[in-house]
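Asker: Any chance you can model this:
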Amino acid sequence: MAEKARLVGLNHVALEVADVDEALEWYGRSFRFTLRSRGGGMAFVDMGDQFLGFSANRRQPPDDHRHFGLVVDDLETARAALQAAGAGILSGRGLTFRDPWGNLVQVVEYAAIQFTKTPRILEGMGLGDLTKSESALAELREKGLG
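Answerer: This next block holds a predicted model:
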């Protein structure tokens with residue numbers, strides 16, 4: 001059997017949207033980000049050591065189950081900003097919304113999940129005061145990561 005590479009994390013996710021400028025404006029109403037680069041019908045926004053891409057010309061129908069998760073510093077601030085932006089927030093557990101192009105997005109708070117950025121990355125992002133909940137720390141300890 002061939003040796004396998006280990007999954008380490010996500011570098012980026014690219015969302016298909018109808019128009020990149022509209023997507024930057026729409027997502028910019030709810031989330032603070034810095035434009036990393038753009039070109040060739042795409043734009044990329046920084047999320048510390050990761051990034052999110054927007055790609056023009058979405059052609060498929062709205063997503064029903066396929067989704068991705070964003071991590072934020074404050075879930076209730078994100079909820080209020082998404083509501084103000086007119087996001088299609090779905091009922092149920094947590095914070096899930098559908099953007100104007102049909103992308104399904106779940107939003108979680110950094111403190112509540114096992115996903116972790118190094119102190120140096122957090123400091124560079126201006127988020128050096130973020131901490132983890134006890135349940136998130138317990139998840140990490142269970143895996144020998146905390």
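Asker: Tell me the strands beside the one helix or strand in the chain whose mean pLDDT sits lowest, with direction?
Answerer: Between all helices and strands in the chain, the lowest mean by mean pLDDT, DSSP states H and E belongs to strand 88-90, at a mean of 92. According to DSSP bridges, strand 88-90 forms sheet pairs with strand 95-98 (antiparallel).
Asker: Following the partner strand in sequence, what is the next regular element?
Answerer: Next helix or strand after strand 95-98 toward the C-terminus (DSSP states H and E): strand 104-109.
Asker: hmm, who's touching that following strand?
Answerer: With contact meaning Cβ atoms under 8 Å, 6 or more residues apart in numbering, strand 104-109 is reached by 62-75, 78-79, 82, 94-99. For every residue, glycine as well, the C-beta is placed using N, CA and C.
Asker: Just the buried ones from those, in PyMOL syntax?
Answerer: To isolate the buried members of those in PyMOL, using 16 or more other Cβ atoms under 10 Å:
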select buried, resi 63+70+71+72+73+75+78+79+82+95+96+97+98+99
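Asker: pLDDT at Phe54, what is it?
Answerer: Among the per-residue scores, Phe54 holds a pLDDT of 98.
Asker: I figured it hits Gly40, correct?
Answerer: No. Phe54 is beyond contact range of Gly40, at 11.8 Å (criterion: Cβ atoms under 8 Å).
Asker: who's more crowded, those two?
Answerer: Comparing Phe54 with Gly40 by neighbour count (other Cβ atoms under 10 Å), the higher total belongs to Phe54, at 26 against 7.
Asker: follow-up on the earlier one: can you give the distance from the least confident helix or strand of the chain to the centre of its chain?
Answerer: Centroid displacement of strand 88-90 relative to its chain, using Cα atoms, centre = their mean, to the nearest Å, is 16 Å.
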